[in-house]
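J.: sequence isn't available, so here's the structure alone:
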């Protein structure tokens, strides 16, 4: 498991390590989670990495962005471990 302290660091790690899945909070220091997600999906090397969004503060009017950029899932905080595992399995094709 890899952990990034900022959006910029997460993008760098995603390029270097090619993770099987990214859990992405929308509120990050520096670059926002939205910007990270857009950058991941715009880069051919990283666009196929499944991304599950985790956040406590997505207004309903913004939820369309999650699906518009092909996020693999969405978890509203607080969420259960069972829901996290269900979405991880689904994102990984299991």
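T.: Noted; the coordinates are in hand. Every value quoted in this text rests on a predicted model; they were computed, and no experiment measured them.
J.: who's in contact with the host helix or strand of residue 38?
T.: In this structure, residue 38 sits in helix 33-42 according to DSSP states H and E. Taking contacts as CB atoms under 8 Å, 6 or more residues apart in numbering, the residues outside helix 33-42 that touch it are 7, 10-11, 14, 22, 24-28, 31, 46-47, 49, 51, 53, 55, 65, 69-71. Bear in mind the C-beta positions are built from the backbone N, C-alpha and C, glycine included.
J.: inside helices: which ones of the residues you listed?
T.: Under the assignment DSSP state H, these contribute 7, 10-11, 14, 65 to helices.
J.: buried subset of the residues you listed as a PyMOL selection?
T.: Burial among these is assessed by 16 or more other CB atoms under 10 Å; the matching PyMOL selection reads:
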select buried, resi 7+10+11+14
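J.: closest one of the ones in helices among the contacts of helix 33-42 to residue 83?
T.: The shortest gap between residue 83 and any of the ones in helices among the contacts of helix 33-42 belongs to residue 65, at 20.7 Å (CB to CB).
J.: pLDDT weak spots in the chain?
T.: Across the chain, the ranges flagged by pLDDT under 70 are 58-69.
J.: mind running it again at 50?
T.: Counting by pLDDT under 50, the chain contains no low-confidence segment.
J.: quick one, strands of it?
T.: For the chain, strands defined by DSSP state E occupy the ranges 22-25, 51-55, 73-76.
J.: re earlier: which of the ones in helices among the contacts of helix 33-42 lies at the shortest distance from residue 86?
T.: Taking CB to CB as the measure, residue 86 sits nearest to residue 65 out of these, at 22.3 Å.
J.: count the residues that sit near residue 3.
T.: Applying other CB atoms under 10 Å, we find 8 residues neighbouring residue 3.
J.: much appreciated, bye for now.
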